[in-house]
Each structure stands twice: as C-alpha cells, then as structure tokens.
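Participant: with the input below, show me the fold.
(2 chains)
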Amino acid sequence: MTFARGDYRVVVVGAGIVGLFTAYHLARAGAGPILVVDRGFLSNGGSGRNGGGVRQQWETRSTIRLAREAVADYRRFSSEFGYNIWFRQGGYLFLADTPTELARLQRVHAIVRAEGLPSEILDADGVAARLDGLAPGAVVGGSYLRSDGTLYPFPAVWGVYEAVRRLGVEVALGVDCRAIVVRDGRVAGVATSDGTVATPTVVNAAGGWSGEVSRAAGLEVPNVASRHEILATEPSKPFLDPMVVRASDGLYFSQTMRGEIVGGVTVPHPPGTARGVPSSPRFLTGMAGALVGLLPRLGALGVLRAWTGFYDDTPDGLPIVGADPRLAGFVHANGFGGHGFMLAPAATRRVAAAVLGEAVDLDPAEFSPGRFLGPAAPTTVERLQLG
Amino acid sequence: MASGTERRFSWRGRPTTARDGETILEALAHDGLPSVVRSPRYHRPRGPLCGVGQCTGCLVRVNGRPNVRACRQVVASGDVVENGNAWPSPRFDLLGVLDTAFPSGIDTLHGFRRPAFLTGLYQRVVRRLSGYSGPPSPEAARALASAPDVRTATTVIVGAGPAGRAAARALVDAGERPLVVDRGLRVPEVPGAELLARSTATFLPPPSADGGWAFSLVGFTEPARGFAIRARRVIVATGGYDAALWFGGADRPGVVTADGALALTPAPGAGPLRRAVVFGGGDRAATTIDRLHESVVAVVAPGEIRPEVVRRASDLGVPLYPRTLLRSVTGRRRVRSVRLESRGGGAPFHVECDSVVLAHRRLPHPQLFFQAGARMRWRGGAGAYFPELTDAGATSVPGLFAAGTVAGVVGDDVATSGERAAKAALGAPFDGPAPRWIPADGPAELEGYYRELLGGPRPGRWVACPCEDVLVAEIEEAHRAGYRGVEVVKRYTGVGTGLCQGRYCLPETLLTLARLEGRTPPEVGYITQRPPVHPTPLAALAALREEFAGEPAP
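Facilitator: The predicted structure is shown next:
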C-alpha cells in the first residue's frame, strides 16, 4: 500500500489538468483528504499531448462563459501558481474555404458578440492580412477574436500539481484505478493496482480513459476515445501570431513561443483504434499537404516530431460535468472532446461544487450526465470541434 | 587548392569558393574550424559537433531555407548562404552578452512572470529570440517542390555501410535486386542492387496485415523529394553514431565527436583540427587517431586504454591518460585546453589543445525498429536499446531484420551480421558463426564515470542539450522538484526536444537520472525518438499526400 491513508473524502481518477484543477478547487474549499490517482506519469495523457489552444469562440453561450472564465484564470495563472505558462493572446483565426463555412462562422460570431466579446468577421483580404504568405484563393473569409490564445500545457500541469501537493492533496502516479467499490447503491471506495481505499466520492477525470472508468462503476456512458495525431516542425523566428483553425477538415496550427509550428488535422480513425499506435503516414502526409496548401512557405520547414493522443468525445460535443444521477458519489469531469485544457480551470469549479453538494450554474441540458438518459438524449451534433 | 571545378557561392554576403562536390561546411573549413551559428538561448559560439547531419552546430540558411545543416548541403553555384541567429555575425554576436549576464541560467519555467504588466513585452522579446533562423521564404519552398518517388521493392535495406552492403551482396547472390537506401552524400554503388543515395528513410510504420507489400517506408531524397517505398521485407542496417559527453564547455567550438573529426579531416593530418585530445580508449579512438595522425596531442579515456590505441599513441609519441575525468575545457570561441583529473581524486591538470574528439561511446540508430513496433531490449553493456532478435537475425515483426551495429552483436564482424540478416530474410540457412550478444545487464560503463564527475566541481557552463541550451543543473533541479522518469524530465526541461531529436542529450540524461533516482536506466525510461527519424521537409511529405490518402488508419 503506497497511500498515506485508508480513506479519503474524495478520490479523483486522472492527474491531467482536469483532475488536478478539480483537486485544487476542492482543497481550497477545505473538502478534506483528497487522493488523485493516475495510471501513467504526469502529462502522459491529453494534458501533455495537446496543441495548447485556449479560445472563447464557441457555439453555445454557456461554453463561451466557461471559456471566458478560463481565459481570465489562465491570465492569472503565472502569478498564482509560480510557473510561467506563456499564455500569449495572439488570437484565434477561423478560416472558411466555402461560403457555407463562412455562414457557419457568422452564426457563431453572432453568439460570441452577443456574449460581449469583440470577435470579427474577416473577408479573404482580412484573413491574408493576419496570415502572412497565405496561398491565393485558399479562403473566402474567416472569424477572429484577439483575446483567444495559446499556452504551454506542461508548466500548467506542473504548477497545479505542485499547488495541490502544497495544499495537502496526495497524488499517486503509476496507480491504475481498476474498479469502483459500490455499497448500498453508492460509491464506497476505489480498487487500485496498489490496493483499495475507502471514499464516498469519486471524480472521473480520466480524459481519454474516462469511458472505461465509468464503465468500471457499472455505468453506461456515451464517451468514446478518439485517436488524434499532431506534429511539430523545426523552430523559426516568429511569423504567425494567431492559432489558425479550418473547420472543414479540422486543420489547426499555431507557432509556439519557441518558434515551432504545432498542429494537427482530422484523419478518420475507426473507433477502438489501439492505444500506443504511433503516427500514421496518412496523417503526416495529409497534415503536410494541408499546411503547404494554405501557407506554401511552410514547405521548406522540416517536421521534427509527431505524436498521438486521445480525445474523450461525447455525442453532442459538450462535456459531462456533474454528479451521476444513477450512482450517488460518482461525479463526472470528462467528455471534453479535446478541449479539456481550455475549459479546465472554469469547468472544474463546477465539478468541485457538485462534489460539495453546492448549486452548479450550468445548463443541465448541455452539461449534465443525465442528459444522455431517457428518450430526450441529444443526437450527434457536429460542432466547431477543433483547435 | 586542388584541381576540379570551382563553385562560387556567397557566405554572409562574401564571395566564397568550394571545390566540386564539397559541402558548405567543407568549403568553409578551408579557413579553419567554421563557427556559423550561436546557441539558441545564451548565444554561445557553436561549432560543428557531429559532421553527419544530426546536431545543430552548423545550421545555416541557404537560399531562404532555414535550418540547413552545412555538413549535409553540397554547394551549388550561386547559393546564398547566411547565418541565422547572430548579429552582427556569428563571431561577434551582441546577444552573446546573455551568456555572461545569466551565469546560473535563464529560467523560462518560473521567470518572466513579474511584474504582470510586462509579461506581454517579455513574450515579444523571448519569442523574437527563439529559433535558429528566420522563417522560410516562399521562393525557398517553391524551389523544393518536386514530384514524389513512389516505388516497390521485394527487399529494402536501410543503410549502405559494411553490414548493409554485405546483406545486399548476399541477396544479389541469391538472385534478388534489393533496394538500398542511404543518407550518405558519397555512397558507392552496390553491384547488382539499386541504390537510393542521399536519402533518409524516416518513418517505418508497423506492417499492414493485408500481406502483399507489408511495409510502407516514407522518407526523402535531399533536398526535399519525398519517397514512399512499398516492400515485403526490410533489413535495417542504420549503423551508429558517436555519443556526446557532459563536461564544462562541452558545447564549445572544437569539441567534436569522432564522426565529426572524421568528417572534418579529409586526409591524415589535414583539416581544421590541429591539436586534438582524443577521448576514448577503444576501436573508435584507434580509427580517429589514424585519421588525425600528427594532429593528436593526447589520448584520454574514462577507463582503460586498449593495446591498439596504446601502440598508436606511442608511435606518435603522445601521452596517454587512462581512467581520467574530462572536467572542462577553456576557451570561448575555440577550445584552448582541457582540464583533466585522474579518477579517484587526482589533482587537476591541463593539456593545451584546439579540439577534443569524443570517441568513447558508439550508439545505435534504432528508431525504425521502435516505429515498426518491434520488441526492444535494453543492453546495459552498450547503454542502449536494440531489437530483440532470434539467433537468425529476425525481429519480433515478421519481415523486419537487423544487421550490423543496430543488431547488438559483439565479436562478430559487421559483414557477417549483414549476411546473416540477408539469409534470415530469404529463409535460407546461414552457416556462419552464431551471434554473441552485447550483455543485457550490468551497469553501463559510464555510470560510475558520471557519478564521480558530477559529484565534483563544475567549472564553466554545463550544457546538457546543445540544441535547446538546457543545462545539466536544470535536469538536476527537475529531480529535486520531484519529477521522475525521462519522459517527465524531458517535458519539464525541454531536454531532448531539439533538432537532434535527443541523440546528443537523452543518453546522458538517462544515465544521470538512473543515478539520481537510484534505478536502472530501463526503469527510468525508453529513449524513443518520435517519428520522423530526421527532420523531414513538409514539401516532401505534402507531395506524398495522394499516395496515402486512401490508406486505412492503423
């Protein structure tokens, strides 16, 4: 037994950014002994494999509000947590390559504006002015919000990890959550590879593995792990300020503080794609084609490395946040669909509130675990999923 | 200057000449050791370390293309070659002040946070300083675009060194026409085989189940022509390279690996290394001494010095220092001396020199095995990972074979190893000797060396990762802060994330973490380099898009 105690007020499964921020908010609220377990090493999952984008251009008002709050959190992060995450608000530039896509961006733009954020709709020239070296005829227009940005995911993980440890949270790495112990219809403990601990509350923040954790508690959930690939190029001096996203093929990329171009493009992977499978030639060549087609000068940069990660997708493209109505003590903080990092600091405040039995200011139709139960379950929705 | 056509090009605006077929680095080395780039964070003077297209010691910008390795680019008439990140010149760089202004390092993890109103300015400045060079020009990218090379071959051999050539000969003798792919700039033909030279096989996905052409090998021919080769069998004979070493000033111009010394020394005693200290006491040191010849001033080894090296050194009349620590070098723009110390607490002493040649440790290039999903095994005797092989030379992946240095055999000449792999590929019996494997356990030789070295004084700047200017102290700080394992320390410090893809820092990092964590190197982690094996131009990959568009995902 490697754990300091036999019983905890809360056990969080997953030491990614969502699990750690959940533990942080709980510890600050004085929730009691908290244990975070993770089967891998720190930053092994999606929190160490994403492109670092943080945006507020979303299709629903509640996600825009969460994202706005998260942007404010990340602006404060470096002074609050002692690690510099280099949160750079260089904007998010969504590209439309057809009038239909532009109309879609305009609809999102209207919602974003209604929330009081100064997003802009750009014509092709307006896009070209923000994207040096854009191939002629590649876009018909786009949308742009300057206060969106990018950050370095790793120091954010280190910062929250060290903060929760200072607050007395126990973080056990390399410990696999094997089963949720249920007694009298409610959570009673967690069985791990290092033994069983008693707890009345489990938070499932396992990212790409959260479907498995819910199912280990006997709960049917709609979460699907989908495999995504990403690459980084050699660095060069800065020439690209915004994060660029093209919804039609899921292309996204930005230039990091170090000067690398980091990004991905959607390549269909059948469900159940094995974990641990390396990059594919289809992705490497498809991503290269997409980048060079849009910014031809990138052809002269070399790909330095490529890697894969898993999104935790839900049918309606929105996260699952809150207590599960079927099993008392089981709380969801998952289904972020590749957007866990950008929403984590704000979304996990609601997770902590749900654990503590406080009111949660989120629309249950959009976020609650219960929305997938019964005949009114949302159908599959295609959203501005990427970037 | 020797006869032959001259090529005129410009280096930093000055007309310069190269002999026909020379690389930019060779041309610039006519006037002494070239120092063409500054380090990315502290703007320290840098010189070539490896000479074989892996390190960041000779990065230049050629005709608007950034991050070109001068040692890999053959001069073409009219080439415009510029330095990337120094002003006004790599020799006198005003930003070199950063090196002296931050003696204990620049901490981008915790620093540049206060006052809050300045963070935007910090971001602009730090971002401006990043990278080795300006972005690529549109013209550079246009010039690189070319139609892809798509072909099939029953057997592909990656690497045309002695083992790869022996494998190719054995296949030719059996009536096959193998395709040999090699990175080298000057690769002799292999009679009966097809040769794809100046070509880097950079990505070998796991074989597909649908039989036929089981393997897809993706790569590029320089400068940027993409290739895709479908093959039934692949023999990997990618060989090895000379490792780096940690000491004070290990990133100074004049510190080169044995690969680099051989690349910079066209004939015995010629070239820009005039007074070299050779570090190493085995085969590789002997080879290096043969080439450098009268330019060798001393031979230093971490352990014992083998008789063939002793004999060569006494022929040349140079002193030998076995069981000796290399603690630091002096000199700023060029090495001027080494500070040595007998192991076990000897008094420090200096040897004057203009270069240090690292010939103590040769590491394999195992990336294609990792990429193909082959089962790997740590061999402590070499301090590296090798594929698990049957005695016949087959890996755990059907159709994938290993030959030469990457196979992990000892006492076996590499030609025998190549022949064995070819026979295994053919399913034919091999009547040569059975392989003797490099021992799997036992501590890596350098672990004790580093324990002693890093426990003592550390004069000068100790750069662990030259590509990103990560310091040895930063790796130790990550350990003190509670971060464990090579994967996490890599993410915490940035070690291993530069252009050499970890070749010159992760092996040393692994040994150091093993010592700090009290675990064995394989417990501390794999040294996997993520694909591609070498930086691969987006233009080359983009040209292959249609080729793989219909490919089923893994």
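
Participant: low-confidence ranges, chain A, go.
Facilitator: Along chain A, the parts satisfying pLDDT under 70 run over A:1, A:270-277, A:380-387.

Participant: longest helix in it, please.
Facilitator: Counting by DSSP state H, the longest helix found in chain A is helix A:61-81.

Participant: how is chain A carved up into domains?
Facilitator: The record's domain split for chain A, according to automatic domain parsing, is A:1-86+A:148-223+A:314-387, A:87-147+A:226-311.

Participant: and of those, who's closest to B:Cys465?
Facilitator: Among these, domain A:87-147+A:226-311 comes nearest to B:Cys465, with 12.9 Å by CB to CB. (Each C-beta comes from the backbone N, C-alpha and C, glycine too.)

Participant: got the end-to-end distance for that closest one?
Facilitator: Distance between the two ends of domain A:87-147+A:226-311: 22 Å, counting by CA to CA, to the nearest Å.

Participant: for the closest residue in space to B:Val68 that isn't next to it in sequence, give the beta-bridge partners.
Facilitator: Nearest non-adjacent residue to B:Val68, counting by CB to CB, 6 or more residues apart in numbering or on different chains: B:Val62, 4.4 Å away. Taking DSSP bridges as the rule, B:Val62 bridges to B:Arg65, B:Val81.

Participant: show me the contacts for the most centrally placed residue in chain A.
Facilitator: Note on chain A: the residue nearest the mean C-alpha position is A:Gly340, at 2.0 Å, using CA atoms, centre = their mean. If you count contacts by CB atoms under 8 Å, 6 or more residues apart in numbering or on different chains, A:Gly340 has them with A:16-18, A:46-47, A:50, A:207, A:312, A:319.

Participant: other residues contacting stretch A:345-358?
Facilitator: Identification of contacts with stretch A:345-358 by CB under 8 Å, 6+ apart yields A:10, A:18, A:21-22, A:24-26, A:29, A:31, A:66-67, A:69-70, A:73-74, A:77, A:201, A:203, A:205, A:319, A:321-323, A:331-333, A:336, A:359-362, A:367.

Participant: now it: buried residues?
Facilitator: Under the neighbour-count criterion of 16 or more other CB atoms under 10 Å in any protein chain shown, stretch A:345-358 has A:345-355 buried.

Participant: what does stretch A:63-83 give?
Facilitator: Residues of stretch A:63-83 classed as buried: A:63-71, A:73-75, A:77-78, A:81-83 (neighbour count, 16+ other CB under 10 Å).

Participant: roughly how far apart are A:Glu39 and chain B?
Facilitator: No Glu there; residue A:39 is Arg. The spacing between A:Arg39 and chain B, counted by CB to the nearest CB, to the nearest Å, is 14 Å.

Participant: cool, and A:Val221?
Facilitator: As judged by CB to the nearest CB, A:Val221 and chain B stand 24 Å apart.

Participant: against A:Gly189, how distant is that residue?
Facilitator: A:Val221 sits 20 Å away from A:Gly189, going by CB to CB, to the nearest Å.

Participant: now the element after the helix or strand of chain B with the lowest mean pLDDT, going C-ward?
Facilitator: For chain B, scoring each helix and strand by mean pLDDT, DSSP states H and E identifies strand B:409-410 as the least confident one, at a mean of 82. Once strand B:409-410 ends, the next helix or strand along the chain (criterion: DSSP states H and E) is helix B:414-426.

Participant: any idea how far the helix or strand just after that following helix is from the chain center?
Facilitator: Counting by DSSP H and E, the element after helix B:414-426 in chain order, helix or strand, is strand B:436-437. Centroid separation between strand B:436-437 and its chain, computed with CA atoms, centre = their mean, to the nearest Å, is 25 Å.

Participant: now for strand B:436-437, which elements pack on it?
Facilitator: When contacts are defined as 3 or more CB pairs under 8 Å, 6 or more residues apart in numbering or on different chains; DSSP states H and E, strand B:436-437 packs onto strand B:409-410.

Participant: and for the strand it packs on, what's in contact with it?
Facilitator: Residues outside strand B:409-410 that contact it (CB under 8 Å, 6+ apart): B:381, B:417, B:435-438.

Participant: so what strands line up beside it?
Facilitator: Per DSSP bridges, strand B:409-410 is paired in its sheet with strand B:436-437 (antiparallel).

Participant: with adjacent residues omitted, what lies nearest to B:Pro531?
Facilitator: Computed as CB to CB, 6+ apart, the closest residue to B:Pro531 that is not its neighbour in sequence is B:Phe203, at 4.8 Å.

Participant: need the pLDDT of B:Thr200.
Facilitator: If you check B:Thr200, the pLDDT there is 97.

Participant: distance of A:Ala179 from chain B?
Facilitator: 26 Å.

Participant: can you tell me the SS state at that residue?
Facilitator: State at A:Ala179, reduced to three classes by DSSP: H, G, I helix; E, B strand; the rest coil: strand.

Participant: so which residues of chain A form helices?
Facilitator: Under DSSP H, chain A gives helices at A:17-28, A:61-81, A:99-114, A:124-130, A:153-166, A:210-216, A:281-294, A:340-355, A:364-367.

Participant: can you say which of the ones you listed is nearest to B:Leu325?
Facilitator: Closest of those to B:Leu325 is helix A:153-166, at 33.6 Å (criterion: CB to CB).

Participant: which other residues reach the closest one?
Facilitator: A:15-17, A:20-21, A:23-24, A:27, A:34, A:36, A:42-43, A:47-48, A:50, A:52, A:74, A:77, A:81-86, A:171, A:341, B:109, B:481, B:483, B:491-492.

Participant: give me the buried entries from those.
Facilitator: A:15-17, A:20-21, A:23-24, A:27, A:34, A:36, A:42-43, A:47-48, A:50, A:52, A:74, A:77, A:81-86, A:171, A:341, B:109, B:483, B:491-492.

Participant: sorry, back to before: nearest to B:Ser89, of the contacts of A:Gly340?
Facilitator: Out of the contacts of A:Gly340, the member with the shortest distance to B:Ser89 (by CB to CB) is A:Asn50, at 39.7 Å.

Participant: so that closest one sits against A:Gly309, correct?
Facilitator: Yes. Assessed by CB atoms under 8 Å, A:Asn50 is found in contact with A:Gly309 at 6.7 Å.
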